[in-house]
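**Student:** For reference, the sequence and a predicted model appear below.
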Amino acid sequence: MGDRAQKVNLVKLVLYILKRIWLVIICAGIGFAGMYCYTRYYKKDTYTAYATMYVLNGNPNVVNYQYANANDLSSAMMLVDTYMVVIRSSKVMDAVAERLAKDYPGISTGFISNSLSMGSVKDTSVFQVYCSTSDPKLSADICNAVVDAAPAEIIRVVNAGNIEVIDYAEPPGAPDGRNPVRKGMLGAMAGGALAAAVLLLFFLLNHKVSDSEELAEDYTPPVLASVIREKKDSKDPKAFILNEKSPVSISECYAKLRMNLLYTLVNKEKKAIAITSAIAGEGKSTIAANLAIACAMSGKKVLLIDGDMRRGCQREIFGYGEDLPGLSDVLIGKLKWWDAVLPEYQNGLNILPAGQLPPNPAELLALPETAELLTETQQQFDLVLIDLPPINVVSDPLVISAHVAGCLLVARQGYSDHRMIRKSLVSAELTGMNVLGFVFYGEKVNQDSYYSRKYYKSKYYTKGTI
């Protein structure tokens with residue numbers, strides 16, 4: 001994708017997170033409450049004592065404190081990290097632990113090391129040793145033991161001329177400030193950031209088609225129409241069929257699809273269209289049936305062929321018998337196609353069932369009889385629509401690519417996978433199948449507010465009008 005697509009994806013990412021901002025808020029609230037309660041009710045008080053030291057370095061290449069300048073002070077402050085490493089060395093820690101062992105039996109060098117920290121006084125060559133523990137006297141004793149034991153080792157390692165203790169540590173009179181609100185805010189930021197990171201991960205790992213703009217942006221074939229899928233609990237295919245009681249918004253979706261499809265066929269000799277999808281369950285049979293109905297309502301003479309000889313769905317949609325002869329019987333020469341075509345479902349709409357289940361559907365479609373069938377039917381009908389199996393599941397749609405004007409590829413919102421769509425487009429390109437465009441099928445199809453709120457409610461339009 002180009003720069004434009006990347007910008008759109010960034011916008012989609014922001015919108016994706018904003019739509020789920022409640023999750024970020026909840027996680028931030030949990031983080032705030034957790035840190036606030038822990039800091040206020042469960043965290044033990046700590047006491048921090050500190051001692052102040054001054055190092056007169058004997059290495060003239062580092063700093064000369066008799067004639068100190070800004071560069072010298074900067075170099076001296078940079079040595080604080082070195083001093084900390086030396087102080088935490090096993091030699092110094094062992095000496096400190098030995099000194100404290102009498103008053104604090106069992107104290108370990110690890111405990112002492114973890115309680116220490118250091119820092120330089122701003123714009124000076126003075127540094128301080130801090131110690132934080134739950135006992136104010138212990139904090140002061142550790143600091144004083146360190147500043148007594150460390151100088152000799154620092155002088156040896158850093159080549160310092162002398163070390164002076166400016167102030168010894170005193171036991172702090174009050175515990176360190178807990179500030180539960182501040183800790184709670186940090187917890188809130190951590191919780192919110194974690195939720196946002198999880199949403200980002202889900203967004204990056206999601207390969208499902210979310211809207212028609214993705215199809216238009218990512219692929220060459222155009223989106224001929226976005227069709228609303230009604231929200232119904234019924235699993236009966238007839239519940240989704242277009243009829244006089246269908247909402248005008250849905251009828252108009254199929255009217256737009258019909259108009260755009262017929263426009264693409266203006267300069268084409270063939271009038272046969274294959275309708276397929278990348279994978280099963282994307283709604284191709286429903287789209288094929290309703291498109292056939294919409295075209296018939298506009299005055300076209302339409303033949304709908306159930307070309308899925310493995311698991312045809314049109315018999316369930318239109319309610320005809322399962323054992324009726326159809327396409328498979330025509331292709332093996334058992335009867336002529338006009339004898340298998342059902343009486344008009346409505347004015348202008350004829351249906352050719354799938355017929356008996358054959359052992360080799362793809363081989364049947366590759367027979368010369370298929371080309372003969374499509375040639376003859378296109379002479380008798382204004383439009384021939386063929387409901388075919390998914391293009392990534394079987395080769396049936398690709399076998400008839402030379403005998404049709406092209407195919408419509410149905411993509412269902414929140415179900416179709418971009419990886420499968422790309423695979424199907426590659427297969428179509430390799431076999432010469434012309435993809436006329438996409439049909440986006442979903443429950444949340446963006447519609448212009450003017451049409452959805454005013455135009456559809458106009459007294460000049462009634463339900464079922466196409």
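**Tutor:** That came through fine.

**Student:** Could you pull out the strands in the protein for me?
**Tutor:** Assigned by DSSP state E, the chain shows strands spanning 47-57, 116-120, 126-133, 160-167, 223-228, 272-277, 302-306, 349-352, 383-387, 406-412, 435-442.

**Student:** where's the longest one relative to the chain centroid, distance-wise?
**Tutor:** In this view, strand 47-57 has its centroid 53 Å away from the chain centroid, taken as CA atoms, centre = their mean, to the nearest Å.

**Student:** Walk me through the domains of the chain.
**Tutor:** 3-43+178-205, 47-167, 212-455 (automatic domain parsing).

**Student:** give me the low-pLDDT residue ranges for this protein?
**Tutor:** 1-8, 56-80, 123, 160-161, 178, 232-239, 446-466 (pLDDT under 70).

**Student:** residues in contact with the spatially most central residue of it?
**Tutor:** Centroid-nearest residue in the chain, with CA atoms, centre = their mean: residue 203, separated by 1.4 Å. Under the criterion of CB atoms under 8 Å, 6 or more residues apart in numbering, the contact list for residue 203 reads 12-13, 16-17. Just so you know, the C-beta spots here come from the backbone N, C-alpha and C atoms, and that holds for glycine as well.

**Student:** Which one of the residues you listed is nearest to residue 326?
**Tutor:** Among the contacts of residue 203, residue 12 lies closest to residue 326 (CB to CB), at 44.0 Å.

**Student:** Residue 168 versus the closest one, what's the distance?
**Tutor:** 62 Å (CB to CB, to the nearest Å).

**Student:** I'd like the strands of the chain written out as a markdown table, with mean neighbour count and distance to residue 197 added.
**Tutor:** Below are the strands of the chain laid out as a markdown table (neighbours: other CB atoms under 10 Å; distance: least, CB to CB, whole Å):
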| stretch | mean neighbour count | distance to residue 197 |
| --- | --- | --- |
| strand 47-57 | 20 | 33 |
| strand 116-120 | 16 | 30 |
| strand 126-133 | 20 | 31 |
| strand 160-167 | 14 | 45 |
| strand 223-228 | 22 | 32 |
| strand 272-277 | 27 | 34 |
| strand 302-306 | 27 | 48 |
| strand 349-352 | 24 | 53 |
| strand 383-387 | 26 | 44 |
| strand 406-412 | 26 | 29 |
| strand 435-442 | 24 | 28 |
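
**Student:** could you dump the ones you listed to JSON lines with distance to residue 86?
**Tutor:** JSON lines is the format used below for the strands of the chain (distance: least, CB to CB, whole Å):
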{"stretch": "strand 47-57", "distance to residue 86": "11"}
{"stretch": "strand 116-120", "distance to residue 86": "10"}
{"stretch": "strand 126-133", "distance to residue 86": "12"}
{"stretch": "strand 160-167", "distance to residue 86": "10"}
{"stretch": "strand 223-228", "distance to residue 86": "69"}
{"stretch": "strand 272-277", "distance to residue 86": "71"}
{"stretch": "strand 302-306", "distance to residue 86": "85"}
{"stretch": "strand 349-352", "distance to residue 86": "90"}
{"stretch": "strand 383-387", "distance to residue 86": "81"}
{"stretch": "strand 406-412", "distance to residue 86": "67"}
{"stretch": "strand 435-442", "distance to residue 86": "67"}
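
**Student:** Of those, which is nearest residue 360?
**Tutor:** Of all the strands of the chain, it is strand 302-306 that lies closest to residue 360, at 17.3 Å by CB to CB.

**Student:** so the closest one versus strand 272-277, what angle?
**Tutor:** 40 degrees (axes from the mean of the first three to the mean of the last three CA atoms, to 10 degrees).

**Student:** Please name every helix or strand in contact with strand 302-306.
**Tutor:** helix 284-297, helix 314-318, strand 349-352, helix 368-380, strand 383-387 (3 or more CB pairs under 8 Å, 6 or more residues apart in numbering; DSSP states H and E).

**Student:** In CSV, list the C-alpha atoms belonging to the first one.
**Tutor:** This points to helix 284-297. Coordinates of the C-alpha atoms in helix 284-297 are reproduced here as CSV (Å, rounded to 0.1, in the frame of the first residue of the first chain):
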residue,chain,number,x,y,z
LYS,A,284,-22.5,-15.0,-2.0
SER,A,285,-25.7,-17.2,-2.5
THR,A,286,-27.8,-14.5,-0.8
ILE,A,287,-26.3,-11.8,-2.9
ALA,A,288,-26.8,-13.8,-6.1
ALA,A,289,-30.4,-14.5,-5.4
ASN,A,290,-31.3,-10.9,-4.4
LEU,A,291,-29.3,-9.5,-7.3
ALA,A,292,-31.3,-11.7,-9.7
ILE,A,293,-34.5,-10.5,-8.1
ALA,A,294,-33.5,-6.9,-8.3
CYS,A,295,-32.6,-7.2,-12.0
ALA,A,296,-35.9,-9.0,-12.8
MET,A,297,-37.8,-6.2,-11.0
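
**Student:** helices and strands around that helix, which ones?
**Tutor:** If contacts are counted by 3+ CB pairs under 8 Å, 6+ apart, helix 284-297 sits against helix 248-264, strand 272-277, strand 302-306, helix 314-318, strand 349-352, strand 383-387, strand 406-412, strand 435-442.

**Student:** swap the cut-off to 7 Å and go again
**Tutor:** When contacts are defined as 3 or more CB pairs under 7 Å, 6 or more residues apart in numbering; DSSP states H and E, helix 284-297 packs onto helix 248-264, strand 272-277, strand 302-306, helix 314-318, strand 349-352, strand 383-387.

**Student:** closest one to residue 419 among these?
**Tutor:** Of all the helices and strands packed on helix 284-297, the one in closest proximity to residue 419, counting by CB to CB, is strand 272-277 (14.0 Å).

**Student:** hmm, back to that, most packed of the domains of the chain?
**Tutor:** Most buried of those, by mean neighbour count (mean count of other CB atoms under 10 Å): domain 212-455, with a mean of 19.

**Student:** got the contact list for stretch 174-190?
**Tutor:** The contact list for stretch 174-190, computed with CB atoms under 7 Å, 6 or more residues apart in numbering, reads 28, 31-32, 34-36, 39-40, 43, 45-48, 132.

**Student:** what about the closest residue to residue 89 other than its chain neighbours, distance to residue 90?
**Tutor:** Computed as CB to CB, 6 or more residues apart in numbering, the closest residue to residue 89 that is not its neighbour in sequence is residue 153, at 6.6 Å. Note on residue 153: its distance to residue 90, by CB to CB, is 10 Å.

**Student:** Could you do residue 201 as well?
**Tutor:** Using CB to CB, we find residue 201 at a distance of 43 Å from residue 90.

**Student:** Next: residue 26.
**Tutor:** To residue 90, residue 26 is 48 Å away according to CB to CB.

**Student:** just to revisit the earlier point, residue 107: which of the strands of the chain is closest?
**Tutor:** Here strand 126-133 is closest among the strands of the chain (CB to CB), at 10.1 Å.

**Student:** what helices or strands is that closest one leaning on?
**Tutor:** With contacts taken as 3+ CB pairs under 7 Å, 6+ apart, strand 126-133 sits against strand 47-57, helix 109-115, strand 116-120, helix 136-158.
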